[in-house]
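In: Build me a model from this:
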Amino acid sequence: MKIETVKGTRDFYPDKMRFRNWLFDKLRQVSELYGYEEFDGPFLEYLDLYAAKSGEELVNEQTYILESRGGEKLAIRPEMTPTLARMVAAKQNELRKPIRWFTIPNIWRYEQPQRGRKREFYQWNVDILGVESMDADAEVVAVTVDVLKALGLEKGEFVVRINNRYYLEELLKSLNLDLSLEPAIYREIDRIEKLKPEVFRANLEQAGLDTATVEKLETALRNRNFGDFKPLRDLWERLEQYGIAEYVEFDPSIVRGLLYYTGTVFEVWDPTKRFRRAIMGGGRYDNLITALGGQPLPGVGIACSDVTLEEMLEQLGRLPKLARTLDAFVVHYSPAERPTAIKVASQLRNGGLTTELSLSDLSLDKQLKAASNSGAHFAIIVAPAELERGEVNVKNLQTRQQQTVRVEELATILKGQL
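Out: Numbering: from 1, shown residues only. Next up is the predicted model:
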């Protein structure tokens, strides 16, 4: 019987783990540079945590829902912001403000696997809570830009598209739209990049807009000037102070589908549109903590999937070449030298050197071939003639040069040559 991976999941062989660790290290480094602390939460949450604030599509169509033996409705986390909000609400008075947290949790969504999207993935989240001003929004955008630059992306290879939910509300009011239609309109605007223009117009008309109003809305969504709208003016001023205004643009069609967003919303896109979906997304959520039983506490955050980032880096030819790193591979001339080889390997490990030990009694040539295939920098050859003098042979597997070194000096000499 052949058993394959569950649809939408991945196996992480060592080469894939090297990339994952590299990616997570970059995300952690930039997050911590800004003073953010790492946190995590449970894999399972009560379904009610998502039902009220995450939107019908995420809860009803994409969430893995199960029932405990006690009849409790549980969900495998489809996103992390509600968990963050629950945790903050539980200890709100004890936490230092502003709260700067980040996390890289495992996330599950029951959706159709496709390019840049899986059912199981890791999601980098960075959030700041406790700041009402645009300073928080600007900082999150700055963290985002610096993360993408740390991954090797340059100007012109990504853009942060920014909008404000209140700006969009004012826009709809200016068109004399029935505000009861607002959720349906937002839903279509949020999908504008995925829909053909004629489909977008037809969906809006089906939602209750007449043809003339649809045309006016389309024209307004193409406008890239937010005028005198103060929140966006304040935000752009901060972005210029950070020196990142060249990486951002105003786009009134950015909505974000999750219900808890208030005010600023933003997404990262590939300006060439080779990648036809948002790479990252986030925004301001000033009411979420209150909704979960806490005191009022404004928040801003952004999130992205490791699958999406890997796909983007691959498309741009920016995937790093990550060879295995191993300092030494210890081989022995014959079974008689194996006990000493074990001691030599242990000595190197105690000295902080990553060391693999040959466990076979194959010929020395075959062991040396295994050492070359391991990716090790040095092969340490334990042979009888050298051992009589308290020495071992050291072969540099890159240069092929060989030297004899006293056993007690081995770790120090290798460190000096690495």
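In: Who does whichever strand or helix holds Gly282 pair with, and is each partner parallel or antiparallel?
Out: Assessed by DSSP states H and E, Gly282 sits inside strand 280-284. Strand 280-284 has its sheet partners listed here by DSSP bridges as strand 264-269 (antiparallel), strand 299-305 (antiparallel).
In: List the contacts of that strand.
Out: Applying C-beta atoms under 8 Å, 6 or more residues apart in numbering, the contact partners of strand 280-284 are 136-137, 140, 144, 165, 256, 261-268, 298-304, 308. The C-beta positions use only the backbone N, C-alpha and C, and glycine is treated the same way.
In: what's downstream of it, the next helix or strand?
Out: Note on strand 280-284: by DSSP H and E, the next helix or strand toward the C-terminus is helix 288-291.
In: What are the buried residues along that following helix?
Out: Across helix 288-291, burial judged by 16 or more other C-beta atoms under 10 Å covers 288-289.
In: Kindly report the same for stretch 113-131.
Out: Within stretch 113-131, the residues scored as buried using 16+ other C-beta under 10 Å are 116-131.
In: got it, and stretch 400-408?
Out: So stretch 400-408, judged by 16+ other C-beta under 10 Å, has buried residues 405, 407.
In: quick one: it to chain centroid distance?
Out: 44 Å (C-alpha atoms, centre = their mean, to the nearest Å).
In: quick one: average pLDDT of that stretch?
Out: The average of the pLDDT scores along stretch 400-408 is 95.
In: residue ranges with poor pLDDT in the stretch 1-150 of the chain?
Out: The stretch 1-150 of the chain contains residues with pLDDT under 70 at 52-57.
In: do that again at 80, thanks
Out: Scanning the stretch 1-150 of the chain for pLDDT under 80 picks out 51-60, 113-116.
In: any idea of the mean pLDDT in stretch 372-391?
Out: Mean predicted lDDT for stretch 372-391 stands at 95.
In: one step back: give me whichever of the strands paired with strand 280-284 is most buried.
Out: Most buried of those, by mean neighbour count (mean count of other C-beta atoms under 10 Å): strand 264-269, with a mean of 25.
In: Please enumerate residues in contact with it?
Out: Here strand 264-269 makes contact (C-beta under 8 Å, 6+ apart) with 134, 137, 141, 144, 148, 158-165, 231, 235, 248, 254-256, 275, 278-284, 300, 302, 304.
In: Strands - which of those land there?
Out: Per DSSP state E, strands hold the following members of the contacts of strand 264-269: 159-164, 248, 280-284, 300, 302, 304.
In: quick one: which two of those residues are the most distant?
Out: Asn164 and Cys304 (20.7 Å; C-beta to C-beta).
In: Kindly reformat the strands paired with strand 280-284 as a markdown table and extend each row with distance to Glu205 and mean pLDDT.
Out: Shown next, in a markdown table, are those (distance: least, C-beta to C-beta, whole Å; pLDDT from 0 to 100):
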| stretch | distance to Glu205 | mean pLDDT |
| --- | --- | --- |
| strand 264-269 | 25 | 96 |
| strand 299-305 | 33 | 96 |
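In: Ser174 is nearest to which of these?
Out: If we rank the strands paired with strand 280-284 by C-beta to C-beta, the stretch that ends up nearest is strand 264-269, at 19.0 Å.
In: any idea which residue sits dead centre in this structure?
Out: By C-alpha atoms, centre = their mean, the chain has its centre lying nearest to Trp124, at 3.5 Å.
In: okay, now Leu387: neighbour count?
Out: 18 (other C-beta atoms under 10 Å).
In: wait, isn't it in contact with Arg338?
Out: No - with contact defined as C-beta atoms under 8 Å, Leu387 and Arg338 do not form a contacting pair (11.9 Å).
In: Just the CA atoms of the strand holding Gly282, as CSV, please.
Out: C-alpha atoms of strand 280-284 as CSV (Å, rounded to 0.1, in the frame of the first residue of the first chain):
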residue,chain,number,x,y,z
MET,A,280,1.2,39.8,2.2
GLY,A,281,-1.8,41.5,3.7
GLY,A,282,-2.8,43.3,6.9
GLY,A,283,-4.2,46.4,8.4
ARG,A,284,-5.6,48.1,11.5
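In: Quick check: mean pLDDT of that strand?
Out: 95.
In: can you state the direction angle for that strand and strand 159-164?
Out: Angle, strand 280-284 to strand 159-164, by axes from the mean of the first three to the mean of the last three C-alpha atoms, to 10 degrees: 30 degrees.
In: Please report how far Leu179 lies from Asn164.
Out: Relative to Asn164, Leu179 is positioned 17 Å away (C-beta to C-beta, to the nearest Å).
In: out of those two, which sits in the more crowded spot?
Out: Comparing Leu179 with Asn164 by other C-beta under 10 Å, the one with more neighbours is Asn164, at 25 against 10.
In: Hmm, that one is touching Gly263, no?
Out: Yes - with contacts counted by C-beta under 8 Å, Asn164 reaches Gly263, the gap being 5.7 Å.
In: So for these two, which residues contact both of them?
Out: Common neighbours of Asn164 and Gly263 are listed as Pro231 (criterion: C-beta under 8 Å, 6+ apart).
In: Okay, buried residues for the lengthiest helix in the chain please.
Out: Ordering each helix of the chain by length in residues (DSSP state H) puts helix 14-33 first. Under the neighbour-count criterion of 16+ other C-beta under 10 Å, helix 14-33 has 18-20, 23, 26-27, 30-31 buried.
In: So which of the residues you listed is the closest to Ala207?
Out: Leu27 (38.5 Å).
In: So for that closest one, what's the nearest residue that isn't a sequence neighbour?
Out: Among residues not flanking Leu27 along the chain, Trp124 sits closest, at 4.7 Å (C-beta to C-beta, 6 or more residues apart in numbering).
In: Tell me who's in contact with that neighbour.
Out: 27, 31, 102-104, 147, 303-304, 306.
In: Likewise for Gln29?
Out: Ala150.
In: any idea how far it is from Leu151?
Out: Taking C-beta to C-beta, one finds Gln29 at 11 Å from Leu151.
In: do the same with Arg161
Out: Taking C-beta to C-beta, one finds Arg161 at 19 Å from Leu151.
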